[in-house]
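**Student:** need the 3D shape of this:
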Amino acid sequence: MAARPPPDSPSHRSSWATGARIAAADIAASPTDRTLLLATTERGVATSTDGGRTFAPPRSSTVQLFLAWPAASALYGLDLTGMLSVSADAGATWKRVSTIPGGGPQAFTAVDEGHLLAATSDGIYESRDAGATFTRILPLAEG
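**Tutor:** Numbers count the residues shown, from 1 in each chain. This is a model prediction of the structure:
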């Protein structure tokens, strides 16, 4: 097994490029366009069309905390209250889907277009119907 180069070696640095500085809680990459990135900010979802070198201001005032982008037609956003929304146009517009139970969201991901997982302040919740319903699959350990 080959050893990885140290983080400060020239071969390691060549795989990264300096991008824009943005105060973002989460970043999502388009599943079909490697130059399209979205970042959640306190003003809404900012967009980069150049691989993260720059970000345009939010096109919508909808503020999301977490993003998951499993398919071009399904960008999911989760806000601070647990409201789940979906966008079919890369975040330009949002449609409310449901509210994830369990208090404040801590983490969110999409396994695929219809299978979602969310960690909240009282456990892990799963949806297998694109967010229409959620079931707690793992309660938060007490103590």
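**Student:** show me where pLDDT drops low in the protein?
**Tutor:** Residue ranges of the chain with pLDDT under 70: 1-15, 142-143.
**Student:** recalculate using a threshold of 50.
**Tutor:** Along the chain, the model assigns pLDDT under 50 to residues 1-2.
**Student:** now the strands for it?
**Tutor:** 26-29, 37-41, 44-48, 66-71, 74-78, 83-87, 95-99, 105-110, 116-120, 123-127, 135-139 (DSSP state E).
**Student:** tabulate the ones you listed (TSV), appending mean neighbour count and distance to residue 56.
**Tutor:** Placement of C-beta: from N, CA and C, glycine included. Compiled in TSV, the strands of the chain are given as follows (neighbours: other CB atoms under 10 Å; distance: least, CB to CB, whole Å):
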stretch	mean neighbour count	distance to residue 56
strand 26-29	18	14
strand 37-41	23	10
strand 44-48	21	5
strand 66-71	20	16
strand 74-78	25	16
strand 83-87	21	16
strand 95-99	14	22
strand 105-110	18	23
strand 116-120	22	27
strand 123-127	19	31
strand 135-139	11	37
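**Student:** would you list those in CSV and tack on distance to residue 54?
**Tutor:** CSV is the format used below for the strands of the chain (distance: least, CB to CB, whole Å):
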stretch, distance to residue 54
strand 26-29, 14
strand 37-41, 10
strand 44-48, 6
strand 66-71, 19
strand 74-78, 20
strand 83-87, 21
strand 95-99, 28
strand 105-110, 26
strand 116-120, 30
strand 123-127, 34
strand 135-139, 40
